[in-house]
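K.L.:
I would like to see how this sequence folds:
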Amino acid sequence: MSVSASPARLATPLIEAPRGLAGVVVTDTEIGDVRGLEGFYHYRQYSAVELARTRSFEDVWHLLVHGELPDAERGAAFAARTARLRRLPDGVRAALPAIAAACSDSGPLAGMRTALSLLGAAKGFRPVYDIDADRRREDTLVAAAAVPTLLTALHRLGRGLEPVEPREDLPHAANYLYMLTGAEPDAERARAIEQYLISTIDHGFNASTFTGRVIASTGADVAACLVGAVGALSGPLHGGAPSRALDTLDAIGSPDRIDPWIRQRVLAGERIMGFGHAVYRTEDPRSRMLREIAQRFGGPRVDFAVQVERQVEAILAELKPGRALHTNVEFYAGLVMELCGLPREMFTPTFAAGRVVGWSANILEQAQDPKIIRPVARYVGPAAPVDVPPAA
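P.N.:
Numbers count the residues shown, from 1 in each chain. Below you'll find the model as predicted:
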C-alpha cells in the first residue's frame, strides 16, 4: 500500500490499496478475528471452534450481541425471548406466497431479500442513526429470529407445501430443521446443524459483513443492512459454494477418477470449489471440525469425501508448489448439511440463518461510529472535460 498525490478535488492524499482490499485494516472491532497463518479464529475472547463444540447457538448469539456468554439462567431467558420472536407479522406471512412464486427460479435467498425489507417495514424499523442502542439491538434480534422462518417458509412454498409455523419449545437449530421438513429432527442431526451454524456465525471482515457495515455506516435501518449482506452472501465466491463443492464430489464419482478429473481442471486453470481460502494459509479450522462431524455419521459418502480431500491436496501441492491450498468450510459444510437431510438449494440459505447473527453484531458495532464509509476510486477513463457533441 502506498500514498499518492491527491487530485485537486480532494483535500487528503489518496492511499493506494491492494486489489480486494487484501490486508487493509479499515476499523477496530471487538467482535472477533481470523488469524489465517495460525488456522485459528475467535468470537470475542473465545475460540469459535470451542464454542461450537461446547455451547448452544443461543449462547453464542448472546455473546456476539451482548458481549458476554450467559450463565444458565440468563441463557435460558435469552433463548426463550428469541424464540418468541420467530413468528412473522400477518402482513409478511400473507405476502410470502407471491414472493416465493416470483423467485421460483432464484430460490429462497433471493426471496428473503424482499421479505426482509417487508419485515423491517412491518416492524417499524427506523434508521439506526435515529434510535438508541437498545432499540438497535432489539431490531437485530427481531430480524435474526425471523430469518429462519422466512427462509423455510419460502422454500416450502416454492415446492408447493404449506409453511410450518415455528415452535417456541425447540432450540434455534432444531426449530429450523423442524420448519424446513415438518418433522422434529433427531438430536444428532439437530446438534450437527447447530454446530455448523455456530462455526459460521462470524468470520472477520468477509464480503457480506463488510457490506452490512458499509450500509450501517450510512445510518440505514437494520433490515436494509441485512438485505445488502444477504446480497453479498449469495455470490458463488462467498456463500454460494457449499452445493458446488458437493457437485465436485458427484462429478468425480469414484476414487479412480479423482486424479485425472482434478488434474485436468487444475491444469486448465479452473477453480476447485471447496479448496483454498482468502485468509487461511493452513487448514481451515471450520473444515476440520465439520469433517469430524461428518465422520460421526460415517458411511461411503463421507469416506469418499475424505479421500477426495487428501488426493486433491496432494495434487494441488504438486501442481501449485508454494501455495497452501486446503479444504475450506464449504467442502464439508455441504456434506454435513446433506447428511442432515437439507436439500442443496437450502445450503446457502442455511449459512445465512447463522451468519445473520454475526451481521447483526457488526451492524450494532458500526452504528456506534458516526463516520460514513466513503472510499474513492481512481478514474481511468477518457480525459475530461471534453465538449459534449450535439445531438444527431
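K.L.:
Can you show me the helices along the stretch 201-350 of the chain?
P.N.:
Using DSSP state H, counting those that start in this stretch, the helices of the stretch 201-350 of the chain run over 207-217, 222-233, 242-252, 258-267, 285-297, 300-319, 329-339, 347-366.
K.L.:
As CSV, those helices with distance to A392, mean pLDDT and mean neighbour count would be great.
P.N.:
Where C-beta positions appear, they are placed from N, C-alpha and C, glycine not excepted. Below are the helices of the stretch 201-350 of the chain laid out as CSV (distance: least, C-beta to C-beta, whole Å; pLDDT from 0 to 100; neighbours: other C-beta atoms under 10 Å):
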stretch, distance to A392, mean pLDDT, mean neighbour count
helix 207-217, 41, 97, 24
helix 222-233, 39, 96, 25
helix 242-252, 48, 82, 19
helix 258-267, 50, 88, 15
helix 285-297, 59, 92, 20
helix 300-319, 55, 88, 16
helix 329-339, 52, 88, 26
helix 347-366, 48, 96, 26
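K.L.:
export these to a markdown table and tack on distance to R87?
P.N.:
What follows is the helices of the stretch 201-350 of the chain, written out as a markdown table (distance: least, C-beta to C-beta, whole Å):
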| stretch | distance to R87 |
| --- | --- |
| helix 207-217 | 24 |
| helix 222-233 | 17 |
| helix 242-252 | 28 |
| helix 258-267 | 46 |
| helix 285-297 | 30 |
| helix 300-319 | 36 |
| helix 329-339 | 25 |
| helix 347-366 | 16 |
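K.L.:
Which one of these lies nearest to R189?
P.N.:
Comparing those by their distance to R189 (C-beta to C-beta), the top pick is helix 329-339, with 7.7 Å.
K.L.:
contacting residues around the closest residue to T200 other than its chain neighbours?
P.N.:
Excluding the flanking residues, the one nearest T200 by C-beta to C-beta, 6 or more residues apart in numbering is G354, at 5.1 Å. Going by C-beta atoms under 8 Å, 6 or more residues apart in numbering, G354 touches F57, Y196, L197, I198, T200, I201.
K.L.:
Please pick the buried ones from those.
P.N.:
Neighbour-count burial (16 or more other C-beta atoms under 10 Å) applied to the contacts of G354 gives F57, Y196, L197, I198, T200, I201.
K.L.:
With respect to pLDDT, which of those ranks lowest?
P.N.:
Confidence by pLDDT is poorest for T200 among the buried ones among the contacts of G354, given 92.
K.L.:
For A353, see how far away that one is.
P.N.:
Taking C-beta to C-beta, to the nearest Å as the measure, T200 falls 10 Å from A353.
K.L.:
in the protein, which spans are strands?
P.N.:
According to DSSP state E, the chain carries its strands in the segments 2-4, 14-16, 32-35, 40-43, 46-47.
K.L.:
need the ones you listed in JSON lines with mean pLDDT and distance to E309, can you?
P.N.:
Formatted as JSON lines, the strands of the chain follow (pLDDT from 0 to 100; distance: least, C-beta to C-beta, whole Å):
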{"stretch": "strand 2-4", "mean pLDDT": "57", "distance to E309": "40"}
{"stretch": "strand 14-16", "mean pLDDT": "87", "distance to E309": "38"}
{"stretch": "strand 32-35", "mean pLDDT": "92", "distance to E309": "21"}
{"stretch": "strand 40-43", "mean pLDDT": "94", "distance to E309": "20"}
{"stretch": "strand 46-47", "mean pLDDT": "96", "distance to E309": "23"}
